[in-house]
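Chemist: quick check, what structure comes out for this input:
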Amino acid sequence: MTEPGGDTSSVFQLLYSSHSRIPRPDRPTVLAEIFSTARSHNKGAEITGALLITDHYFVQVLEGVQDAVEGLYARIGEDPRHEQLTILETRTVDARVFPHWSMAQVSSVGHADIPLHVTQGVIAPKSPQHLTTEQRNLLTTMRNAIGADTV
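Modeler: Predicted structure coming up:
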């Protein structure tokens, strides 16, 4: 398997939003399950990206081979934890914006993001000052799509 971001060919990006159907009391457990499953599946499918979450919305960018990304999006569309799925943008880019990221999360009140990355299979916080311009711009687009504060 090629290291995500190691291939110099173009990458398909899909940006979507959805309304969360996860009841507030269940969110910590359900989100932990989502993160665990996504991390495992996405690594095997060579899909990278970022996920932003507020109390009511998800917005996610998925990056990888177009068939794999579209297949994952189709599975998300069948997931009862999501409703009102909307594709915000699809495009082909020269390189992954989040080559080592599994997810980024917005706090439950929609303030600052907590960028996360994977190092040797471990998800850890990534310092915001290490964000690239492309990452900052795409995260701003994602926050704006769900009305999260940009702090």
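
Chemist: please make it C-alpha for all contacts and neighbour counts, starting now.
Modeler: Will do.

Chemist: need the CA coordinates for the particular helix or strand that has Phe12 in it. PDB is fine.
Modeler: Here Phe12 is covered by strand 11-20, with elements defined by DSSP states H and E. Extracted as PDB, the C-alpha positions of strand 11-20 are listed here (Å, rounded to 0.1, in the frame of the first residue of the first chain):
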ATOM      1  CA  VAL A  11      -6.400  13.000  -5.700                       C
ATOM      2  CA  PHE A  12     -10.200  13.100  -5.600                       C
ATOM      3  CA  GLN A  13     -11.700  15.300  -2.900                       C
ATOM      4  CA  LEU A  14     -15.300  15.100  -1.700                       C
ATOM      5  CA  LEU A  15     -16.700  17.600   0.800                       C
ATOM      6  CA  TYR A  16     -20.100  17.000   2.400                       C
ATOM      7  CA  SER A  17     -22.200  18.000   5.300                       C
ATOM      8  CA  SER A  18     -24.900  16.200   7.100                       C
ATOM      9  CA  HIS A  19     -27.200  16.600  10.100                       C
ATOM     10  CA  SER A  20     -26.300  14.400  13.100                       C
END
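
Chemist: for this structure, give me the ranges with low pLDDT.
Modeler: Low-confidence regions of the chain, defined here as pLDDT under 70, cover residues 1-8, 102-130, 148-151.

Chemist: helices of that one, residue ranges please.
Modeler: For the chain, applying DSSP state H gives helices covering 27-45, 66-77, 133-146.

Chemist: can you put these in CSV and add mean neighbour count and distance to Ile87?
Modeler: Conversion of the helices of the chain to CSV gives the following (neighbours: other C-alpha atoms under 10 Å; distance: least, C-alpha to C-alpha, whole Å):
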stretch, mean neighbour count, distance to Ile87
helix 27-45, 14, 19
helix 66-77, 15, 9
helix 133-146, 17, 11
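
Chemist: figure out which of these is closest to Ser10.
Modeler: Ser10 sits nearest to helix 66-77 of all these, at 10.0 Å, using C-alpha to C-alpha.

Chemist: having no further points to raise, I will conclude here.
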